[in-house]
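> generate a structure from the sequence data that follows.
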Amino acid sequence: MTESRDAETDLRRKFNELANIDMSDVHCDDSEQTNALSDADNFKLAQHQCKTLEHLWTRARTGSSELKIIGGLLYKKMPVNITSINEYALVVPQVFRHELITLAHENMTGGHMGCRKTKQRIEAYFFWPRMHKMISSHVRSCHNCQLVKPLKVKERQPLQPITIRTHAWDDISIDVLGGDLPLSIKGNKYLLVILCNTSKFVHAIPIPNLRAQTIATKLVDFFLLCGISHDYTM
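So this is what the prediction gives:
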């Protein structure tokens with residue numbers, strides 16, 4: 001939370017400097033005040049000369065409700081969905097945009113936050129055309145972020161089509177039951193159990209032993225009765 005507050009303080013200070021707002025109650029030396037005035041003058045000139053802002057100046061001069069000229073600077077009315085202490089966002093010319101994004105994202109107090117939080121920090125004070133796209137591009141290409149960002153590994157296997165059988169005995173499961181069953185009159189002590197996975201019907205065939213030939217013979221008799229199945233589970 002401290003990093004977030006410090007980053008917002010830096011942006012608020014930059015907003016005041018560029019807008020040439022009186023900061024006489026804030027302690028700073030003469031060199032800082034001179035630099036602030038210099039930045040404000042350069043910013044004002046750049047804002048008037050920026051080609052990407054020409055259409056916004058035209059709208060402001062023709063009485064747009066969203067754009068307003070205050071003190072010779074161009075501002076845009078803050079949307080209701082943005083949390084900000086300011087009623088208007090300062091419109092930024094192209095030459096100052098990279099500096100602001102760096103201040104919000106890569107500053108010592110910026111914390112290298114993601115796209116969403118970096119956008120929230122900047123849009124509380126500033127605006128320029130296609131701002132969100134530029135911020136996202138900068139954050140995604142940040143060298144330090146790339147070094148620590150976890151790699152996304154595609155661990156899930158692609159889905160495979162599932163064949164659903166609709167006819168009885170098309171899909172069967174086969175098992176043997178017995179070992180401790182009582183011996184029948186015909187000498188059978190095991191059951192060859194065949195389950196239809198479609199209808200859940202159970203077919204049990206008594207067998208005297210577990211020899212392969214015995215089981216194969218009974219299975220052939222079953223297939224002659226019910227037909228050859230497509231899928232088998234043993």
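> quick one: least confident helix or strand in this protein?
In the chain, no helix or strand scores lower on mean pLDDT, DSSP states H and E than helix 2-18, which sits at a mean of 67.
> and this protein, what are its domains?
Domain ranges of the chain: 2-148, 171-233, per automatic domain parsing.
> next, count neighbours for the closest residue to Ala89 other than its chain neighbours.
Among residues not flanking Ala89 along the chain, Phe127 sits closest, at 4.1 Å (C-beta to C-beta, 6 or more residues apart in numbering). The C-beta positions use only the backbone N, C-alpha and C, and glycine is treated the same way. Phe127: 22 surrounding residues under other C-beta atoms under 10 Å.
> can you lay out the domains of the chain as a markdown table showing distance to Pro158?
A markdown table is the format used below for the domains of the chain (distance: least, C-beta to C-beta, whole Å):
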| stretch | distance to Pro158 |
| --- | --- |
| domain 2-148 | 27 |
| domain 171-233 | 22 |
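> of those domains, which stretch is the most buried?
Highest mean neighbour count of those: domain 2-148, a mean of 15 (counted as mean count of other C-beta atoms under 10 Å).
> how about the domains of the chain, which one is nearest Gln157?
Closest approach to Gln157 among the domains of the chain (C-beta to C-beta): domain 171-233, 21.0 Å.
> among the domains of the chain, which is nearest Glu155?
domain 2-148 (20.8 Å).
> could you list the low-pLDDT ranges of this structure?
Low-confidence segments of the chain (pLDDT under 70): 1-8, 20-38, 108-110.
> helices along the protein, start to end?
Using DSSP state H, the helices assigned to the chain run over residues 2-18, 30-49, 54-61, 94-105, 115-123, 131-140, 143-148, 212-226.
> identify the residues contacting the shortest one?
Translated: helix 143-148. Outside helix 143-148, the residues that touch it by C-beta atoms under 8 Å, 6 or more residues apart in numbering are 106, 112, 139.
> I'd like those as TSV, with distance to Glu123 appended.
Converted to TSV, these look like this (distance: C-beta to C-beta, whole Å):
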residue	distance to Glu123
Glu106	18
His112	18
Val139	14
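> ok, back up a step: and Thr163, which of the domains of the chain is closest to it?
Once the domains of the chain are compared by C-beta to C-beta, domain 171-233 is nearest, at 8.1 Å.
> tell me how far the closest one is from the chain's mean position?
Domain 171-233 sits 53 Å away from the centroid of its parent chain (C-alpha atoms, centre = their mean, to the nearest Å).
> same question, stretch 71-82
That offset, for stretch 71-82, works out to 30 Å (C-alpha atoms, centre = their mean).
> again with stretch 65-72
The answer for stretch 65-72 is 36 Å, by C-alpha atoms, centre = their mean.
> equivalent analysis for stretch 156-172, please.
Offset of stretch 156-172 from its chain centre (C-alpha atoms, centre = their mean): 33 Å.
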